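Colleague: structural data only, the sequence is not supplied:
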């Protein structure tokens, strides 16, 4: 009797594309995440052209296949690479959701003069070095920054932001890999699901592959549970048929952080949340292209047309006098949000400098629990791409 359990075996592979819509060659190197089979789906969508003409007998006309596109959804544990400063495998999927990944470094420096550096400010330093200040720096201590050119800051380098300067007193150390939404330079990916057939013959495995794919994602944290990532990617159907799963891939060995012994703050006040859901809020559309660019599939690639990052949760055991969400909702108050899970080098930090309530529940206001709270991570117009960040450290 055939072992039908084997049909559940599936494989996920993905690679960022050099040219959007031009499929990359996938190998075992691109297989790094183990998907949750229960949330693994592929939905092909073949558009049809219906001819309007009918014969004298009112018979049906032939329909012709036209555009070919599809969506691929999956769920995985949301985790780091297990080494500080090393990009996690989930990073490529974040980039295909409109994020960028940057390495954050630190150095010890003196007090800035005559005033501090703001997060998001650009700096120049001795030796033609340039970069971005990652965290507000107002006094002597640890300066967090992202290099854009010239390399890391070094001992005695003078850092300049506008009319303010500070002098480094030690060489750099790696702080984290940072993922944050980008406003330009979006990246698409080639993504493939392979399904193992229960007969165990590799030549008859089945592959579903998309190119030019972008998507939306949701991150969920349940009390005492693991952080989970659910992605839904749309793209041009590149291949669907018999093939072989990749042999000998290396999977990330780190565990996803637990939502346990974690820090969760709104506006600097520590709260106790229930299940937390972070929705990237991407609206993804397919770009039709009837020219050579779109090839025989009729589409060039997917693209994100709108984004609104939203966090949904409820507060447990939170007196309204400590955090009056109803008053802040009515006033349109903005506030910072931070959530930290895990321990280094398997620590994930979510942070947004400017949030606003988008939906609250006016139910029981006894101070024991506030239900059905949603807030959006909104853009700080004074700085580019500064609405939301994820640190892997």
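Modeller: Received it, and whenever you're ready, just let me know what you need. Just so you know, these numbers come straight off a predicted model, no measurement behind them.

Colleague: who are the packing partners of the helix or strand in which residue 315 is found?
Modeller: When elements are defined using DSSP states H and E, residue 315 is found to belong to strand 310-316. Packing partners of strand 310-316 (3 or more Cβ pairs under 8 Å, 6 or more residues apart in numbering; DSSP states H and E): strand 272-273, strand 276-279, strand 369-377. Quick note: C-beta positions are derived from backbone N, CA and C, even for glycine.

Colleague: find the centremost residue of this protein, please.
Modeller: Nearest to the centroid of the C-alpha atoms of the chain, with distances taken as Cα atoms, centre = their mean, sits residue 94, at 3.2 Å.

Colleague: and the closest residue to that residue other than its chain neighbours, how far from residue 332?
Modeller: Counting by Cβ to Cβ, 6 or more residues apart in numbering, residue 94 lies nearest to residue 179, which is 4.8 Å off, once chain neighbours are set aside. Applying Cβ to Cβ, to the nearest Å, one obtains 28 Å for the distance of residue 179 from residue 332.

Colleague: could you do residue 195 as well?
Modeller: 49 Å.

Colleague: between these two, who's got more neighbours?
Modeller: Residue environment comparison for residue 195 versus residue 332 gives the larger neighbour count to residue 195, 19 against 8, counting by other Cβ atoms under 10 Å.

Colleague: got the phi and psi for the more buried one?
Modeller: Its backbone dihedrals place residue 195 at phi -120, psi 130, with angles given as degrees, to the nearest 10.

Colleague: closest one to residue 115 among the helices and strands packed on strand 310-316?
Modeller: When those are compared for distance to residue 115 using Cβ to Cβ, the nearest one is strand 369-377, at 27.4 Å.

Colleague: touching that closest one from outside, list them.
Modeller: Strand 369-377 is contacted by residues 308-318, 320, 325, 337, 352, 354-361, 363-364, 387-388 when judged by Cβ atoms under 8 Å, 6 or more residues apart in numbering.

Colleague: the worst-scoring helix or strand of the chain on mean pLDDT pairs with which strands, and in what direction?
Modeller: In the chain, no helix or strand scores lower on mean pLDDT, DSSP states H and E than strand 41-50, which sits at a mean of 81. Note on strand 41-50: by DSSP bridges, its sheet partners are strand 63-77 (antiparallel).

Colleague: buried set for the partner strand?
Modeller: Using 16 or more other Cβ atoms under 10 Å as the test for burial, strand 63-77 gives 67, 68, 69, 70, 71, 72, 73, 74, 75, 76, 77.

Colleague: likewise stretch 281-293?
Modeller: Within stretch 281-293, the residues that qualify as buried by neighbour count (16+ other Cβ under 10 Å) are 281, 282, 284, 286, 289.

Colleague: now flag whichever of these is closest to residue 105.
Modeller: The shortest distance between residue 105 and any of the buried residues of stretch 281-293, using Cβ to Cβ, involves residue 282 and amounts to 29.2 Å.

Colleague: contacts only, for the closest one.
Modeller: So, once contact is read as Cβ under 8 Å, 6+ apart, residue 282 ends up touching 97, 98, 214, 215, 216, 217, 304, 306, 307.

Colleague: between the residues you listed, which is closest to residue 28?
Modeller: residue 215 (22.8 Å).

Colleague: circling back to that earlier point, and what about the residue nearest to the centre of the chain, helix, strand or coil?
Modeller: Taking DSSP: H, G, I helix; E, B strand; the rest coil as the rule, one finds residue 94 in the helix state.

Colleague: on that earlier part again, of the contacts of strand 369-377, buried ones?
Modeller: If you count burial by 16+ other Cβ under 10 Å, the buried members of the contacts of strand 369-377 come out as 309-315, 318, 325, 337, 352, 354-355, 357, 360, 387-388.

Colleague: identify the bridge partners of residue 375.
Modeller: Each beta-bridge partner of residue 375 is listed here: residue 311, residue 357, as defined by DSSP bridges.

Colleague: quick check: residue 63 touching residue 47?
Modeller: No. When contacts are counted by Cβ atoms under 8 Å, residue 63 is not listed as touching residue 47 (10.1 Å).

Colleague: excluding chain neighbours, what is closest to residue 32?
Modeller: By the measure of Cβ to Cβ, 6+ apart, the closest residue to residue 32 outside its immediate chain neighbours is residue 89, 3.6 Å from it.

Colleague: what do you get for residue 254?
Modeller: Nearest non-adjacent residue to residue 254, counting by Cβ to Cβ, 6+ apart: residue 82, 3.3 Å away.
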